[in-house]
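Participant: sequence unavailable; structure follows:
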DNA sequence: AATACGGGGAC
DNA sequence: GTCCCAGTATT
């Protein structure tokens, strides 16, 4: 972990944001690349949000990237580039909640704020036999009241690191290593044989299905295609995507709907068939996305005055941040490098 | 208090 | 398939 070798609050901040709801194994390479490109507040302040999102591509929870950019701008202007060094000012920054504020306060400044992440919550929910979900307000209070005096007894950074590691390595979600645990004599869950029933979890909700029909329009003459940036409050905010029609139900898109979009790009669906149609699904926490991706040949015309669509070279696509499923499509497109599509086009003519 | 927000790895 | 991860913001 960065804080094992640095007290730089900037690096600690970035690593903590990346590791929110993200395992070290998944986030570590992102951290290294991110720090290399953005070594400090100034470098983040000088770039565009879209580049930060590109570096976040594939990590998920993209509000983290958007908020990192916001917070960096705030630190640059409001705090003149000096990283905030109190719990309250840290907490006031976008993307920094109670956990991250405590983590930075402890690791960078040795301030005694106990961290309460998933690992700590699980350990203390068992140790204290907390009856409510440990991250709900009531359970959270019980745990925080227990930790607040405890962290005063020792070095905050060591305390926080140790208690999180303990939860991750010993007091694991399933099959905790109680035989290696030095706290069994004080652990209520262990005494009551409730270790596999705690912590209490909330009932899970059903996830919704969504049907995304993407149109990849390929202009072989210029080796270019069309993308747009996602707006609104929906998933993947500010990431890029291909022209999209979302359908309410499973199955093929009604011809009338696709014709409306295709006509914007001067494509007659009766004359032009997709070169390729790809189906994929992607499981997210709250929804299952069904992708239907079609590649069409395109003459380069856009009959749309909103300016929401932008034409880009295929060779330039990878400079934009896409949702992971579309990022994989981009990789495929680049590998085709136009030649496969042209080949396919010739085969169709013959 | 409930809900949305991504993606992947462990089981 | 299910669970859940060094959580936060919004409603």
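Facilitator: Right, received. Where do you want to start? The structure displayed is predicted, hence computed values, not measured ones.

Participant: contacts, neighbours, all on C-alpha from now
Facilitator: Fine.

Participant: how about residue A:58, nearest residue that isn't a chain neighbour?
Facilitator: What sits nearest to residue A:58 in space, not counting adjacent residues and going by C-alpha to C-alpha, 6 or more residues apart in numbering, is residue A:324, at 5.0 Å.

Participant: can you check residue A:130 too?
Facilitator: In this structure, residue A:130 finds its nearest non-sequential neighbour in residue A:139, 6.4 Å apart by C-alpha to C-alpha, 6+ apart.

Participant: list the contacts of the helix or strand containing that neighbour.
Facilitator: Element membership of residue A:139 [criterion: DSSP states H and E] is helix A:137-152. Contact with helix A:137-152 is made by A:112-114, A:116, A:121, A:124-125, A:130-134, A:159-160, as judged by C-alpha atoms under 8 Å, 6 or more residues apart in numbering.

Participant: list buried residues within those.
Facilitator: The neighbour count (16 or more other C-alpha atoms under 10 Å) marks A:112-114, A:116, A:121, A:124-125, A:130, A:132-134, A:159-160 as buried among the contacts of helix A:137-152.

Participant: what's the farthest-apart pair in those?
Facilitator: Across the buried ones among the contacts of helix A:137-152, the longest distance by C-alpha to C-alpha is 25.6 Å; it joins A:112 and A:132.

Participant: which residue does the stretch 101-250 of chain A have closest to DNA strand B?
Facilitator: Across the stretch 101-250 of chain A, no residue is closer to DNA strand B than residue A:235, which sits at 3.3 Å (C-alpha to the nearest atom of the strand).

Participant: any idea how far that residue is from residue A:121?
Facilitator: For residue A:235, the distance to residue A:121 equals 28 Å [C-alpha to C-alpha, to the nearest Å].

Participant: go on, residue A:171?
Facilitator: Look at residue A:171 and residue A:121: by C-alpha to C-alpha, they are 10 Å apart.

Participant: residue A:125 - nearest residue in space that isn't next to it in sequence?
Facilitator: Looking at residue A:125 with C-alpha to C-alpha, 6+ apart, the closest residue is residue A:199, at 5.4 Å.

Participant: quick check: which ranges of chain A have low pLDDT?
Facilitator: Applying pLDDT under 70 to chain A flags residues A:337-350.

Participant: may I have the phi/psi pair for the residue most central in space within it?
Facilitator: Geometric centre of chain A, nearest residue: residue A:60, 1.8 Å, by C-alpha atoms, centre = their mean. Per-residue torsions, residue A:60: phi 80, psi 170 (degrees, to the nearest 10).

Participant: and if you look at residue A:240?
Facilitator: When read as degrees, to the nearest 10, the backbone of residue A:240 gives phi -100, psi 160.

Participant: and for residue A:332?
Facilitator: Backbone dihedrals for residue A:332, given as degrees, to the nearest 10, come out at phi -60, psi -40.

Participant: so which bits of the stretch 251-350 of chain A are right by DNA strand B?
Facilitator: Proximity of the stretch 251-350 of chain A to DNA strand B, by C-alpha under 7 Å from any atom of the strand, involves residues A:282-287, A:323-325.

Participant: go again with 6 Å.
Facilitator: Residues of the stretch 251-350 of chain A that fall close to DNA strand B, judged by C-alpha under 6 Å from any atom of the strand: A:284-286, A:323-324.

Participant: buried ones in stretch A:212-226?
Facilitator: Of all the residues in stretch A:212-226, those buried under the rule 16+ other C-alpha under 10 Å are A:212-220, A:224-226.
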